[in-house]
Each structure stands twice: as structure tokens, then as C-alpha cells.
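A.B. asks: need a structure here:
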Amino acid sequence: MSFDTLLSGQTSYRAVFLSDIHLGTKGSRAALVVDFLKTVNCEKLYLVGDIIDGWRLRRSWHWDEAHDELLRMILRLARRGVEVIYIPGNHDEMFRAWLPMELEIASIRLCPKAEHIAADGRRYLVIHGDEFDSVVRYAPVLAVLGDHAYTAALTLNRWINGARRRLGLPYRSFSAWAKKRVKGAVKAIDRFEEALAREARQCGADGVICGHIHNPEIRDIGGVTYMNTGDWVESCTALVEDRQGHFSLIDWSSHMRASYGAPSASSRSESGRRARGGLRPEPDMAQAATVGAAAARKASLPA
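C.D. replies: Numbers count the residues shown, from 1 in each chain. Okay, here's the model as predicted:
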């Protein structure tokens, strides 16, 4: 695959970083991830954790056409030469049991963390980041309770943005707005970011790229570049590196002026027609995606 040969409307990047898509939940905006990936061309695709939500799959199951389409697209990209690196997070921790085997599944490499060398030679630690979240690490019961509260906030998001959609207004994340205004949450985010910056410094890296806290950010912390990819539940952001080694965050929700409601059947059909006009579906990949989703659900069920 020639990375300099673009499909119509595509933008070329050296690397794209996505995290916290939370497939398997109603809040996952998988259709927007698909729309975003159709517009980019890259050499490397990093999946920085919580791509599939194993926590939610233990209690319920939500999987629609957009979830399948996203898995098919990632598998096609890997088959056609894009280097895909999957770093499991805490919500898809069922895949961490496979890490010691250094597996490569359908040309997708599983690893606990990675080093990304940018075009300008700077080195970045790529890690999901839950290891540096004190609640997840030391108080798992609180983490589960917090997950329930977060789910309730996302439900409220859907109601609020359903009304905004009817009024012709763009999507706004209520949960993200509230999180930034709760003093304790702001302090927790600051501690998390500083801990990741220290880890990168100790590793001799110039910066760190992570996910986990659903808070997209690029900033300097004591001479270390801290970058968080955000998520595809609230912010709908991706981190990208251009051909010169410059990084930026793409706010795809604002770009699409999308509301929180799920796309209609007609829009999904149109999305499928656009996909067939670019990368053609491959029947065996569709089957692999379905099998992979079922395996992930089974792996997440308690013994």
C-alpha cells in the first residue's frame, strides 16, 4: 500500500492515535470513528486502550452495524499495510492475559505499551494510563461505582443532546462539562497528567501519549510533552502526527457538527455506500470481526 496515494478527500498522516472507543456500549460513537478513518491515510494506527468495553459486556450487550463496520475497517487497514498497534486498557483488560505471548492477530500487534519515534526524532511513550489512576489501581470497587455514575451521566447526555438535535444545535458533552467544573475531578486529572509525565521522564522519553481519562490535551509538563487522545464517547477526538512530526488533536464531533443521537438507518446506509466507494468490504473480514466481537464478550464473562 502506498501511503502517499490518497483516496479522494483523505489527509495523510504519519500516525493516528485513538483510544477509549468503548465498543459494546450505547455511548460508543463508533459511526463517527468510521467517518473519521475514511478521511485519513496513515502509516501507523495506535489503538491506545479501552477499544472494546469488557466491563459493560459482563452486564449487557450492545453491538450495532457501526461497531461491525469499525472492526472491519481496522482489520482492512492492517491487511493493507498500515502498522496497527493495540495497547489494551483497563476496560479491555481481558486482552492483557495474551500480552506475554507477544501475539500478532490479523496483522494487529498486541503490546502493553509502545515507543513512538516521531518524524523529528523525538521519542514518545505510548500507554493507556490506567496504571497511574489511583482509583482504578487501589480502589476497584470505587472504580466500578464511578463507572455506573459515568453511565448515568452519558444517559443524561443522550437526553440533552436529543433535545439539542431537534433544535438544530451541535453536540455538547454534559458529562465533560461537569467533570471540568468539579474541583476534585480537576485535581485528579492534574495528578494523573503529572504522573504520566514523570513516567515518560524516567523512561528517557520526550513525551507521553495516553488515553483513559477522556480528557483530550496537549501541554508541556516540566519539559515533557503530555498528550491525551481523548475518547469517542464524549469528546470524539483523535491525536495525529503529520509528516513533519507535529502533533495535533482533531475534534471530530465539532467537525461533523454531530448530535449525540445514533445515526438513522438511512445515514448508516449512506455511510455504507460511501465505504464501498472507497475500500471495498471483504466478506471474510466481516466474519472475522463478528467472531472477534463474540470472543471478546466471552472472554469478559466471569468464570
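A.B. asks: Surely Val82 is in contact with Cys42?
C.D. replies: Yes: contact criterion C-beta atoms under 8 Å: Val82 and Cys42 qualify, at 6.3 Å. For the C-beta atoms, the positions are set from N, CA and C on the backbone; glycine is no exception.
A.B. asks: what about Cys42, distance to Gln202?
C.D. replies: 29 Å (C-beta to C-beta, to the nearest Å).
A.B. asks: Please disregard the earlier target; I meant Ser248.
C.D. replies: Ser248 sits 26 Å away from Gln202, going by C-beta to C-beta.
A.B. asks: Next: Ile85.
C.D. replies: In this view, Ile85 and Gln202 are 22 Å apart by C-beta to C-beta.
A.B. asks: okay, the two: which has more neighbours?
C.D. replies: Ile85 (20 against 9; other C-beta atoms under 10 Å).
A.B. asks: which outside residues touch whichever helix or strand that one is part of?
C.D. replies: Secondary-structure assignment from DSSP states H and E places Ile85 in strand 83-86. Residues outside strand 83-86 that contact it (C-beta atoms under 8 Å, 6 or more residues apart in numbering): 43-47, 51, 74, 77-78, 95, 107-111, 114, 126.
A.B. asks: Stretch 246-256 too?
C.D. replies: 29, 32, 35-36, 118, 170-171, 216-218, 225, 227, 229-230, 235-242.
A.B. asks: Restricted to helices, list these.
C.D. replies: Cross-referencing the contacts of stretch 246-256 against helices under DSSP state H gives 32, 35-36.
A.B. asks: Go through those residues and name the one nearest Glu102.
C.D. replies: Comparing the ones in helices among the contacts of stretch 246-256 against Glu102 with C-beta to C-beta picks out Phe36 as the nearest, at 29.5 Å.
A.B. asks: what's the distance between the closest one and Asp68?
C.D. replies: As for Phe36, its distance to Asp68 is 17 Å (criterion: C-beta to C-beta).
A.B. asks: Look at these two and report which has more neighbours.
C.D. replies: Between Phe36 and Asp68, counted using other C-beta under 10 Å, Phe36 has the larger neighbour count: 22 against 17.
A.B. asks: Now do the same for stretch 232-240: mean pLDDT, whole number.
C.D. replies: If you average the pLDDT over stretch 232-240, you get 93.
A.B. asks: Go through it and flag the buried ones.
C.D. replies: 232-240 (16 or more other C-beta atoms under 10 Å).
A.B. asks: Likewise for stretch 48-58?
C.D. replies: Buried residues in stretch 48-58, counted by 16+ other C-beta under 10 Å: 48-57.
A.B. asks: what bridges to the nearest residue to Leu47 once chain neighbours are set aside?
C.D. replies: Distances taken as C-beta to C-beta, 6 or more residues apart in numbering place Tyr86 nearest to Leu47, at 4.5 Å, with adjacent residues excluded. Note on Tyr86: beta-bridge partners by DSSP bridges are Leu47, Leu110.
A.B. asks: can you give me the strands in the protein?
C.D. replies: Along the chain, the stretches classed as strands by DSSP state E are 11-18, 40-47, 83-86, 104-105, 108-110, 114-117, 123-126, 207-210, 217-221, 224-228, 237-241, 247-251.
A.B. asks: what about the stretch 51-200 of the chain, any weak spots by pLDDT?
C.D. replies: For the stretch 51-200 of the chain, the stretches flagged by pLDDT under 70 are 56, 59, 134-162, 164-165, 169-187.
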